[in-house]
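Enquirer: With the input below, show me the fold.
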Amino acid sequence: MQSKITLLILCIVGIFLFVYGTAGGLRLLLGKFLLEGGFANVNYATLALLCAVPFILYIVATSNTVETMRELIMTSGAFFVIIFMYANVLLVNSLIVMHPEMVTRLLTVFPAASFLLVFVLSFVQKRNIWWKETK
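Expert: Next up, the predicted model:
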């Protein structure tokens, strides 16, 4: 059984690995990074931290069991992976140069998407619409 602290650390490490892994994978596949400067760009770390905030807040603020929190984090994380990967591939393939205002938009949109996913799925989970089967 995992504790809240273990789940918190796994969320942070997982999102960092995912953001940097996506950057590396796209560099290998398409030959470009999303953000100028590659892995040395601080905005990748900022993006990872901002995307981790909704998951961290959910873990800290909820009184659910660790199993329930893990289920919600895995489900919303899976949806976030799909959105993040799709948007990154499209942006890397586009011919648009990443200006600072576009980077600011990215640093706003991706965390907002992760917040919406966590919020909506926690609402669905509380209402038991489709989350748990009756025994």
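Enquirer: CA atoms for contacts and neighbours, from now on please.
Expert: Will do.
Enquirer: Low-confidence ranges, the protein, go.
Expert: In the predicted model of the chain, residues 1-2, 95, 128-135 satisfy pLDDT under 70.
Enquirer: which residues of it fall in helices?
Expert: Taking DSSP state H to define them, one finds helices in the chain at 4-30, 42-61, 66-93, 100-127.
Enquirer: between the shortest one and helix 4-30, what angle do the directions make?
Expert: In other words, helix 42-61. 150 degrees (axes from the mean of the first three to the mean of the last three CA atoms, to 10 degrees).
Enquirer: ok, and what's touching helix 42-61?
Expert: 4, 7-8, 11-12, 15-16, 19-20, 35, 69, 73, 103, 107, 110-112, 114-115, 118 (CA atoms under 8 Å, 6 or more residues apart in numbering).
Enquirer: Can you flag the buried ones in those residues?
Expert: Applying 16 or more other CA atoms under 10 Å to these, the neighbour count classes 4, 7-8, 11-12, 15-16, 19-20, 35, 69, 73, 103, 107, 110-111, 114-115, 118 as buried.
Enquirer: So which of the helices of the chain has the densest surroundings on average?
Expert: helix 42-61 (a mean of 18; mean count of other CA atoms under 10 Å).
Enquirer: Give me the angle between it and helix 66-93.
Expert: Using the same axes, to 10 degrees: helix 42-61 against helix 66-93 is 160 degrees.
Enquirer: and helix 42-61 with helix 100-127, angle?
Expert: Going by the same axes, to 10 degrees, helix 42-61 is angled at 20 degrees with respect to helix 100-127.
Enquirer: Would you mind extracting the C-alpha trace of helix 42-61 into PDB?
Expert: Output of helix 42-61 as PDB, limited to C-alpha atoms (Å, rounded to 0.1, in the frame of the first residue of the first chain):
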ATOM      1  CA  VAL A  42      14.200  26.100 -18.100                       C
ATOM      2  CA  ASN A  43      10.700  26.200 -19.500                       C
ATOM      3  CA  TYR A  44      10.600  22.400 -19.700                       C
ATOM      4  CA  ALA A  45      11.100  22.200 -15.900                       C
ATOM      5  CA  THR A  46       8.500  25.000 -15.500                       C
ATOM      6  CA  LEU A  47       6.100  23.200 -17.700                       C
ATOM      7  CA  ALA A  48       6.500  20.000 -15.700                       C
ATOM      8  CA  LEU A  49       6.100  21.700 -12.400                       C
ATOM      9  CA  LEU A  50       3.000  23.600 -13.500                       C
ATOM     10  CA  CYS A  51       1.400  20.500 -14.900                       C
ATOM     11  CA  ALA A  52       2.100  18.600 -11.700                       C
ATOM     12  CA  VAL A  53       0.400  21.200  -9.500                       C
ATOM     13  CA  PRO A  54      -3.200  20.000 -10.000                       C
ATOM     14  CA  PHE A  55      -2.200  16.400  -9.200                       C
ATOM     15  CA  ILE A  56      -0.300  17.600  -6.100                       C
ATOM     16  CA  LEU A  57      -3.200  19.700  -4.900                       C
ATOM     17  CA  TYR A  58      -5.600  16.800  -5.400                       C
ATOM     18  CA  ILE A  59      -3.300  14.500  -3.300                       C
ATOM     19  CA  VAL A  60      -2.900  17.000  -0.500                       C
ATOM     20  CA  ALA A  61      -6.400  18.400  -0.400                       C
END
